[in-house]
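Engineer: quick check, what structure comes out for this input:
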Amino acid sequence: MDAKRIAILGSTGSIGVKALEVVRAHPNRYRVLGLAAGRNTGLLRKQIRDFKPIAVAVQDQDLVLELKRELGGDDSPLLLYGNEGYIKIATLEEVDTVISAITGAAGLLPTYEAIKAGKHIALANKETMVMAGPLVMSEAENRGVPILPIDSEHSAIFQALQGHPRADLNRVILTASGGPFVDMSLDEMKSVSPAQALDHPNWSMGAKISIDSATLMNKGLEAIEAKWLFKLEMHQIGILIHPQSIVHSMVEYKDGSILAQLAVPDMTIPISYALSFPRHLETSLPPLKLEEVGTLTFREPEMDKFRCLELALKAADTGDSMPAVLNGANEVAVAAFMEGRIGFLDIPKLIEKTMGAHDPHPINSIEAVIEADRWARKKAEKVLTR
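Structural biologist: Take a look at the predicted model:
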């Protein structure tokens with residue numbers, strides 16, 4: 001069996017690190033040829049030495065010079081930087097599979113270009129689907145490119161759909177842990193700090209996705225992603241708070257049957273499945289012991305407490321350019337909260353004001369998506385400085 005040749009966009013982030021663990025566990029199945037990272041050159045150097053990719057991209061040219069000095073040797077990979085570098089990694093001729101795990105809107109262009117180049121996509125960057133879902137899915141279908149989800153929720157849905165006629169599907173149910181503030185009152189949430197918001201009770205994730213989980217924006221983005229990834233209408237997507245994070249999502253069929261995927265909360269499983277589909281390969285994780293988990297609970301999210309979720313669902317209903325504006329405004333708001341410029345409950349206020357100022361328009365091209373994103377960021381920054 002030929003080894004799958006992989007490029008990882010976001011190799012030093014939480015998903016990238018886990019993906020490399022999966023590769024390390026199955027050296028005969030996978031070979032890493034490309035790595036793309038941001039500014040964490042310390043970790044990246046170790047990854048280069050361990051996996052010996054042929055090409056590497058970082059955020060800017062200064063980091064390329066730093067890596068050249070520190071790596072040395074004739075076997076140093078091709079070193080690239082910036083958006084052009086990320087796109088080059090995503091479209092390397094020798095690569096057949098791209099793991100898209102760059103955080104935020106920055107992952108859109110490299111992922112889209114990878115699809116155009118005919119690469120198989122293992123998708124962890126939900127913003128790609130939120131901003132440009134119809135364009136991305138159309139391009140993937142035209143080129144016969146599979147997009148396999150890495151998000152635990154979408155992986156669960158994907159697994160529960162296997163072997164069942166699509167016509168029998170009634171709806172999907174995304175589960176959400178609720179984050180660290182699920183049992184707090186709205187008044188208590190006014191004064192929470194970035195450190196508290198980053199302290200997720202069940203998952204170890206990057207900063208941006210941890211804040212999105214705390215606001216439940218993450219679940220709204222996942223609902224939009226599910227719409228496009230699984231060709232659903234928004235009324236076919238339910239959301240339930242499930243604090244134990246054992247049921248990763250469910251699919252309800254027309255006869256009333258509900259199929260759920262259960263596992264310990266660890267991203268190794270969905271990453272491994274996206275790379276090995278249709279196989280379920282052995283991992284180093286302990287088995288799920290339901291007798292030790294105990295009670296599993298589910299309840300509806302409180303929209304008055306988690307306005308970001310409400311805004312995301314509103315953006316999905318509006319459609320056109322509004323989801324891209326939602327995402328751009330959210331990225332500005334999360335950054336502002338992390339920098340101490342606004343409070344936790346100001347995040348949805350900033351997003352709502354930005355969305356309220358936007359006149360939605362059709363998204364016909366990736367350039368139109370990028371322009372909507374640019375407008376949203378500029379508008380959100382203006383709102384911030386008032």
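
Engineer: just for the stretch 151-300 of the chain, where's the confidence low?
Structural biologist: Scanning the stretch 151-300 of the chain for pLDDT under 70 picks out the ranges 202-205.

Engineer: would you state the helices of it in chain order?
Structural biologist: With DSSP state H, counting those that start in this stretch applied, the stretch 151-300 of the chain shows helices at 152-161, 186-189, 194-198, 207-215, 217-229, 268-276, 290-293, listed in chain order.

Engineer: got the angle between the longest one and helix 152-161?
Structural biologist: Angle, helix 217-229 to helix 152-161, by axes from the mean of the first three to the mean of the last three C-alpha atoms, to 10 degrees: 40 degrees.

Engineer: next one: helix 217-229 to chain centre, how far?
Structural biologist: Relative to its chain's centre, helix 217-229 lies at 10 Å (C-alpha atoms, centre = their mean, to the nearest Å).

Engineer: also the last one?
Structural biologist: Taking C-alpha atoms, centre = their mean, one finds the center of helix 290-293 at 29 Å from the center of the full chain.

Engineer: what lies in contact with it?
Structural biologist: Applying C-beta atoms under 8 Å, 6 or more residues apart in numbering, the external contacts of helix 290-293 come out as 244, 246, 262. Quick note: C-beta positions are derived from backbone N, CA and C, even for glycine.

Engineer: again, 7 Å this time
Structural biologist: 244, 246 (C-beta atoms under 7 Å, 6 or more residues apart in numbering).

Engineer: over to the longest one?
Structural biologist: Contacting residues not belonging to helix 217-229 are listed as 126, 129-130, 133-134, 137, 147, 149, 151, 153-154, 157, 172, 174, 176, 209, 212, 232, 234, 237, 239, 308-309, 312-313, 316, 323, 330 [C-beta under 7 Å, 6+ apart].

Engineer: that one to helix 207-215, inter-axis angle?
Structural biologist: What separates the directions of helix 217-229 and helix 207-215 is an angle of 100 degrees, with the same axes, to 10 degrees.

Engineer: quick one: buried residues of stretch 53-64?
Structural biologist: Residues 53-59, 63-64 are the ones in stretch 53-64 that count as buried (16 or more other C-beta atoms under 10 Å).

Engineer: strands along the stretch 201-350 of the chain, start to end?
Structural biologist: In the stretch 201-350 of the chain, strands defined by DSSP state E, counting those that start in this stretch lie at 237-241, 247-253, 258-262, listed in chain order.

Engineer: nearest approach to residue 200 belongs to which of these?
Structural biologist: When the strands of the stretch 201-350 of the chain are ranked by distance to residue 200, counting by C-beta to C-beta, first place goes to strand 237-241 at 14.1 Å.

Engineer: just the buried members of the contacts of helix 217-229?
Structural biologist: Buried positions within the contacts of helix 217-229, assessed by neighbour count (16+ other C-beta under 10 Å), are 126, 129-130, 133, 137, 147, 149, 151, 153-154, 157, 172, 174, 176, 209, 212, 232, 237, 239, 308-309, 312-313, 316, 323, 330.

Engineer: okay, now residue 385: neighbour count?
Structural biologist: Using other C-beta atoms under 10 Å, the number of residues around residue 385 comes to 6.

Engineer: need the contact list for it.
Structural biologist: Counting by C-beta under 7 Å, 6+ apart, residue 385 touches no other residue.
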